[in-house]
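A.B. asks: take a look and give me a structure for this.
(one chain, ligands or ions: 1)
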Amino acid sequence: MPSVLTHLFLCFLVAAMSTGCQKTPEAWNSSKPFKTQIVVGSATGLQFQIVELEGVQNQKTLEGEVVEFYLAPGEQNSELVGPHAVAKFIQNSEGVFIPTNSLSLQMVSLYYHMQALKKLEIQSLGKTFVKWPRKIGLQVKTNSAETRFNNAFYNNKLDVMFFVPYVDQELPLPLNGGIIAHEHFHSYFSYSILQKSLASDVLPIEDYFLKSINEGLADVWGWIYSDNPDFISLSLPDLAGPRKLEQPSFFRKPVLKTKKDMESDLNLVEQECKRLSWCNSADQLTLGLAYSNGTALARTLKDFLTRQNLTQEDKAKKIFLLLEQLNSLNLKKELDFESLLVEWAGLFDSLSDESCKILKNAIKTEEIKNQICLSF
Ligand SMILES: [Zn+2]
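C.D. replies: Predicted coordinates for the structure are as follows:
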């Protein structure tokens, strides 16, 4: 049976050929938008979409204002090294460049979503605070068995987004707008938090706390951008349960961790690491926990933002404000998710009754619960 992707390419070629001979395509030059076709995924399935890429300077590498693509890059002296990825297209009679292989489809999809994410940032903030064009590595090879396939990650140090080969039958990760937004958010977190003094000499518990917030907010960003609370399972259906940002109401109970909870997590993880022969540092084990704390935080924030009835741009604005506020957070004093929520609720002029209910339900420490929504 052909895979979804093979099927997509057959459709692409048929679409390209069936409209041939009707009109001579206009020659493209870099002063014009680059018209191309991508595949978008939503809860209702996959669809073709004709889009325009702006600021493309080179029709083969798609180098331009938004992205710089590298094929299977490596790292040398703390620098990204490797050849530029090259895309192949056939142009149909409407002047649309149809990608003819998987790599080319990944490149146009990523360009399109990164262009939209840049616009969302500029609309919400009036500026952009990360460096453009963004660097992206495709078909990346890793040594670790766990991340060799079906994964994407952001490298803080190199400021690069990486995609390893996707070998499943669903929507490939580099085509999934929500996943791209999640990874891109890590660059916001890195520029605004990790590169600043807040992150110097952090204790393991502070690192654990920041990792959890980073993963949680990245999932919220993926939802804000894609408008799909289950964007991860379009590509990775096995993660629907643990990562979906919506849960049946009977699961809604205080799941946000206090400082004490996090301390006992770290103790357990240290003991577990000593027991396991492959564990070199407890750090390897805390990332899994950071994802589950992140998801708990993300579910609460998503529920809360939904009840506040905000536009996409306003939701994005609040997340940027939260990042700004995190910078002024005193990690030594306010190291728990409950206090973080109280701080965050302060960013809103008024809270709906529903939003207050969500916050109160998420917090188990009475003293902190009482600081929130005083009139509620
Ligand atoms: Zn992440």
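
A.B. asks: what sits up against stretch 188-201?
C.D. replies: Counting by Cβ atoms under 8 Å, 6 or more residues apart in numbering, stretch 188-201 makes contact with 121, 129-130, 154, 156, 159, 210, 213-214, 217-218, 221, 320, 323-324, 326-327, 329, 331, all of which sit outside it. (C-beta placed from N, C-alpha, C; glycine too.)

A.B. asks: give the buried residues for the helix or strand where N293 lies.
C.D. replies: Element membership of N293, judged by DSSP states H and E, is helix 283-307. Neighbour counts using 16 or more other Cβ atoms under 10 Å place 285-286, 289-307 of helix 283-307 among the buried residues.

A.B. asks: what residues does the protein put near the ion?
C.D. replies: By Cβ under 5 Å from the ion, the residues of the chain that approach the ion are 215, 218.

A.B. asks: where along the stretch 1-150 of the chain do the strands fall?
C.D. replies: 34-42, 45-53, 67-71, 74-76, 79-81, 89-91, 97-99, 134-138 (DSSP state E, counting those that start in this stretch).

A.B. asks: could the ones you listed be laid out in CSV, adding mean pLDDT?
C.D. replies: Below are the strands of the stretch 1-150 of the chain laid out as CSV (pLDDT from 0 to 100):
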stretch, mean pLDDT
strand 34-42, 92
strand 45-53, 93
strand 67-71, 98
strand 74-76, 93
strand 79-81, 95
strand 89-91, 95
strand 97-99, 97
strand 134-138, 98
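
A.B. asks: burial of the nearest residue to Q47 once chain neighbours are set aside, as a residue count?
C.D. replies: Of all residues beyond its chain neighbours, the one nearest Q47 is V40 (5.6 Å), with distances taken as Cβ to Cβ, 6 or more residues apart in numbering. Burial measure for V40: 19 neighbouring residues, criterion other Cβ atoms under 10 Å.

A.B. asks: OK, contacts around V40?
C.D. replies: Each residue near V40 by Cβ under 8 Å, 6+ apart is listed here: 46-47, 49, 175, 177.

A.B. asks: ok, it to the ion distance?
C.D. replies: Taking Cβ to the ion, to the nearest Å as the measure, V40 and the ion are separated by 21 Å.

A.B. asks: quickly note the distance from that residue to L105.
C.D. replies: Using Cβ to Cβ, to the nearest Å, one obtains 12 Å as the distance from V40 to L105.

A.B. asks: what sits in contact with each of these two?
C.D. replies: Residues touching both V40 and L105 (Cβ under 8 Å, 6+ apart): L175.
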